[in-house]
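In: what would the 3D arrangement of this be:
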Amino acid sequence: MAFTFYSLLEACLLVVNAMAILHEERFLSKIGWGSDQLSGFGEEKGTKHQIINLIHSVRTVMRIPLIFLNSVTIVLLLLMG
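Out: Numbers count the residues shown, from 1 in each chain. The predicted structure is shown next:
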């Protein structure tokens, strides 16, 4: 199996899918990564804050595009093998 640009795109799609399905109350809050853990205004934003914000943004913005991208990926895999 060769490493192609398509396999790189497929891996990125899988990572975005993984971020999109994380449940905030069941999983993220238990490990201290819920949206209630975000600091207030004026404080320096660390790496943890940026990752929490990224996960929340992916869950908000990428919901509809992920449905389309997953459908296209499935059809391509069925057609191309």
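In: okay, Gly34: pLDDT?
Out: Predicted confidence (pLDDT) for Gly34: 70.
In: now Val61
Out: 91.
In: lowest average confidence across helices and strands of this protein, where is it?
Out: helix 47-61 (a mean of 84; mean pLDDT, DSSP states H and E).
In: which other helices and strands does that helix contact?
Out: helix 5-20 (3 or more Cβ pairs under 8 Å, 6 or more residues apart in numbering; DSSP states H and E). In short, each C-beta sits where N, CA and C put it, glycine included.
In: quick one: average pLDDT of the helix it packs on?
Out: 91.
In: quick one: residues in contact with the following helix or strand past the least confident helix or strand of the chain.
Out: Once helix 47-61 ends, the next helix or strand along the chain (criterion: DSSP states H and E) is helix 63-80. Residues outside helix 63-80 that contact it (Cβ atoms under 8 Å, 6 or more residues apart in numbering): 10, 13, 16-17, 20.
In: redo those residues as a markdown table? Include neighbour count.
Out: Converted to a markdown table, the contacts of helix 63-80 look like this (neighbours: other Cβ atoms under 10 Å):
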| residue | neighbour count |
| --- | --- |
| Glu10 | 13 |
| Leu13 | 15 |
| Val16 | 15 |
| Asn17 | 15 |
| Ala20 | 15 |
